[in-house]
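*Asks:* with the input below, show me the fold.
(chains A, B, C, D, E and F)
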Number of protein chains: 4
Amino acid sequence: MHDGNRPRGRIDKREMIVEAAFRVFAREGYAQASVDVIAAEAGVAKPTIYAHLGGKEQMFREVIRSTAARGIAKSSAVLTELPADPPDLREALIAVAWGLVGCFQDERSAALRRLLNAEIVRFPDLFDLIRADAVDPFNEALAGRLARFAHAGRLTLDDPVRAASQFVALITEELPMLSAFGTRPIPREKLEEIVVSGVDLFLRAMR
Amino acid sequence: MHDGNRPRGRIDKREMIVEAAFRVFAREGYAQASVDVIAAEAGVAKPTIYAHLGGKEQMFREVIRSTAARGIAKSSAVLTELPADPPDLREALIAVAWGLVGCFQDERSAALRRLLNAEIVRFPDLFDLIRADAVDPFNEALAGRLARFAHAGRLTLDDPVRAASQFVALITEELPMLSAFGTRPIPREKLEEIVVSGVDLFLRAMR
Amino acid sequence: MHDGNRPRGRIDKREMIVEAAFRVFAREGYAQASVDVIAAEAGVAKPTIYAHLGGKEQMFREVIRSTAARGIAKSSAVLTELPADPPDLREALIAVAWGLVGCFQDERSAALRRLLNAEIVRFPDLFDLIRADAVDPFNEALAGRLARFAHAGRLTLDDPVRAASQFVALITEELPMLSAFGTRPIPREKLEEIVVSGVDLFLRAMR
Amino acid sequence: MHDGNRPRGRIDKREMIVEAAFRVFAREGYAQASVDVIAAEAGVAKPTIYAHLGGKEQMFREVIRSTAARGIAKSSAVLTELPADPPDLREALIAVAWGLVGCFQDERSAALRRLLNAEIVRFPDLFDLIRADAVDPFNEALAGRLARFAHAGRLTLDDPVRAASQFVALITEELPMLSAFGTRPIPREKLEEIVVSGVDLFLRAMR
DNA sequence: GATGAATGAGCGTTCATTCAT
DNA sequence: AATGAATGAACGCTCATTCAT
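*Replies:* The predicted structure follows:
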């Protein structure tokens, strides 16, 4: 009795299509991406795409949704490694900052941001889908940690949610421009400078 | 030397085309924008576009370039209003912050960012064109002002350029997500919160 | 010999398919009708159609054939109600005329004529199939009745077959144009006018 | 000054397209006819069709309209040859009947009827377009002639319009079935039989 | 006997681009 | 300098048909 070996070792076809579609959309943008190319890259015939995903637009939505979902998982992990009572707060925040930078640098994440920017006018609803699921949770979680530090007397801050946003701002704001929206690597030293000076500014203001 | 030997007082045709092209590109994106529509909106025949701009791709480059140039002018003006020795530093920085926010909220500026995000992969060269002309100058100028404040003993900071970047980060980072990449208005109170708390965080760390 | 060894009392699947196919062909035309829709409307899977009917073209032929067969039955019944020696010949012929009109107005019959017109060029063989089975028999039968009336001295005519055709012509020729090829109802009074004046013209010439 | 030789000896392009479209629609039907084939047969590129005719549907409408217009001209000519006071009425009506048969047998006319039958469901409006312009006028004109004959005492009839319809019915009703909807020739003798016996029946009833 | 899944081929339509004028 | 007219190439999508189950 061998249940569930339906996709006999191969990835499910729908997933293969979405995977290929993400690559093509990221490379070409929504409008220039051709369903033919996606089908070829996914190794399926064009009608198979329509059977599984329903069309270019619906496929695009699914690509955005699933890519965002994957991004959430990655960014959530960043905060789980922040101890509730770290011996060295500065070290701990620097580690979080590096985690944030890592998420931002992630190729899929950058491509997702580019696609959202590009297509927000044509697909205004995509934005809410993403923000609700992906952005707020991280901020909320970080705010929770900061509040705990404040409660423990290790930080001084009125509004933890605001402080969390500001922390994220200090670490991530420059990355898009420095990396050409995620298409070029940023020198290690530059990242170090941002991370360290960002955390230090934050701590100087919050202690 | 009689300036304006452009055709008899009317706006230059080339400029009209670029203007119309910006509107159409902003509205539809590069790939979806059709040269027919641009020609119609510019009030010229299609071959005229090819005569003046050389083709869709070259026209797009020119649109990006000229839109960015206009953005620079606007953001530069923000700093000219920052006095060298303001009576109330906090007030002065808040004013600068509002100016930054204003530039960011500008519709053309938002559209430009969306277009850059969208087409950076296919037109990688556009990015350098923009960054050299548009971003660095503002940061340099702000850094200069901050350095003067530090020299006057009103701020404490090691690296004025870094501090300028951090100031900009605190004010602008949240705007794209809050405004759905510039497609929705942000409530006045939210902006106020960001501006004031951003300046205050900055000053708390830098005094 | 136990008739009906078709599957257990349910309508034969083949028949269900042909039935659904007729509806779809009538509604959409041959080319526009999709096998998917026919399958859905018949409540079977697509390959089942290929198993039972062999393909779209063959299925169309079968639809035409069976629809025509059903039409014959209906139009034959019209003549069985014409008595061999009716008290009022005019009344009797008017009744036959109404019967003819009824056959013509039948929705299936109209659809069949439209389909034949539409596809006669691509399926020239369909025509013979129909004419042999459907048209001539009625004319022959009517001719027989008319001959009997002539033999009884109630009509004067040389060629009963010709007269039968002319009778049918007088009653039916206008119906297609008046009903938009069977897609719109014809007002009762208009039909009455055609039937009565047709029969009267016929009788005036034949008495 | 050589005005108006724009289509330098060649037929206007739009007309060429409509001409080719008629041939293809007549041969393949609306749905099966492919714009590629029409373009090829017209000797133009596909977008030229869209520039001149706007699309397949609009092109079809134009084909129907122009073919019908041509048919009207032909059938009108039939009646102009019917003298107001012919020496031999029977001969004159037989000539009209032959004219009718000629119009009916015309290849374009037959194709038009097939297309109307085929597409009446998808394009219900086409029908009115045709009937108003093409069918009624002929009947009205014939009715006028018959009324004149009646007024001259050469025919006895109450309703000239009705009589005209009946005359047409007697002559044309059998033609579609005999010619397989206009796709096969009808033997001369058969036509003669219909024409002569039709006129004779008509005259026997109307004298 | 019946089907879910897949596909090669084709569809109507649009586009960036180029001539002849 | 400017255009009306034309086109080759490509696009998103659908279809009749088949095959492994």
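*Asks:* relative to A:I17, how far out is A:I49?
*Replies:* Distance of A:I49 to A:I17, given as Cβ to Cβ, to the nearest Å: 6 Å. (C-beta placed from N, C-alpha, C; glycine too.)
*Asks:* any shared contact partners between those two?
*Replies:* Common neighbours of A:I49 and A:I17 (criterion: Cβ atoms under 8 Å, 6 or more residues apart in numbering or on different chains): A:I38, A:A39, A:A42, A:M59.
*Asks:* which residues touch the third one?
*Replies:* Listed by Cβ under 8 Å, 6+ apart, the contact set of A:A42 reads A:M16, A:I17, A:E19, A:A20, A:A21, A:I49.
*Asks:* the fourth one - how many residues pack around it?
*Replies:* Here the neighbour count serves as a burial measure; for A:A20 (other Cβ atoms under 10 Å in any protein chain shown) it reads 20.
*Asks:* max-length helix in chain A?
*Replies:* Looking across chain A with DSSP state H, the single longest helix is helix A:56-80.
*Asks:* please identify the buried residues of it?
*Replies:* Buried residues in helix A:56-80, counting neighbours by 16 or more other Cβ atoms under 10 Å in any protein chain shown, are found at A:56, A:59-64, A:67-68, A:71-72, A:75, A:78-79.
*Asks:* is DNA strand F contacted by it?
*Replies:* Yes: residues of helix A:56-80 are located near DNA strand F by Cβ under 7 Å from any atom of the strand, namely A:K56, A:E57.
*Asks:* chain center to that helix, what's the gap?
*Replies:* 7 Å (Cα atoms, centre = their mean, to the nearest Å).
*Asks:* do the same with stretch A:89-101
*Replies:* 17 Å.
*Asks:* and what of stretch A:44-64?
*Replies:* 23 Å.
*Asks:* ok, is that stretch in contact with chain B or not?
*Replies:* No: using Cβ under 8 Å from any Cβ of the partner chain, stretch A:44-64 stays clear of chain B, with a minimum separation of 12.3 Å.
*Asks:* wait, does that stretch contact DNA strand E?
*Replies:* Yes: shown here: stretch A:44-64 in contact with DNA strand E (Cβ under 7 Å from any atom of the strand) through A:V44, A:A45, A:K46, A:P47, A:T48, A:A51, A:H52.
*Asks:* contact partners for the third one?
*Replies:* To tie it back to what came earlier, the one meant is A:K46. With Cβ under 8 Å, 6+ apart, A:K46 has these contacts: A:V35, A:D36, A:A39.
*Asks:* next, work out how far apart it and C:S34 are.
*Replies:* A:K46 is 17 Å from C:S34, by Cβ to Cβ.
*Asks:* next: the last one.
*Replies:* Counting by Cβ to Cβ, the gap between A:H52 and C:S34 amounts to 20 Å.
*Asks:* more crowded one of the two?
*Replies:* Comparing A:H52 with C:S34 by other Cβ under 10 Å, the one with more neighbours is A:H52, at 19 against 13.
*Asks:* is the strand or helix carrying that one anywhere near DNA strand F?
*Replies:* In the assignment (DSSP states H and E), A:H52 maps to helix A:46-53. Yes: using Cβ under 7 Å from any atom of the strand, helix A:46-53 reaches DNA strand F at A:K46, A:P47, A:Y50.
*Asks:* residues of chain A that sit close to DNA strand F?
*Replies:* Taking Cβ under 7 Å from any atom of the strand as the contact definition, chain A meets DNA strand F at A:A33, A:S34, A:V35, A:D36, A:V37, A:K46, A:P47, A:Y50, A:G55, A:K56, A:E57.
*Asks:* is the fourth one in a helix, a strand, or coil?
*Replies:* So that's A:D36. helix (DSSP: H, G, I helix; E, B strand; the rest coil).
*Asks:* now it, nearest residue through space, not along the chain?
*Replies:* Excluding the flanking residues, the one nearest A:D36 by Cβ to Cβ, 6 or more residues apart in numbering or on different chains is A:K46, at 6.3 Å.
*Asks:* domain parsing for chain A?
*Replies:* According to automatic domain parsing, chain A comprises the domains A:1-54, A:67-206.
*Asks:* first vs last residue of the longest one, how far apart are they?
*Replies:* Domain A:67-206 has an end-to-end distance of 35 Å (criterion: Cα to Cα, to the nearest Å).
*Asks:* where do the strands sit along chain A?
*Replies:* Remark: no strands are assigned in chain A by DSSP state E.
*Asks:* just the helices from it, written as ranges.
*Replies:* Under DSSP H, chain A gives helices at A:13-28, A:35-42, A:46-53, A:56-80, A:89-105, A:107-119, A:124-130, A:136-151, A:160-172, A:175-178, A:188-206.
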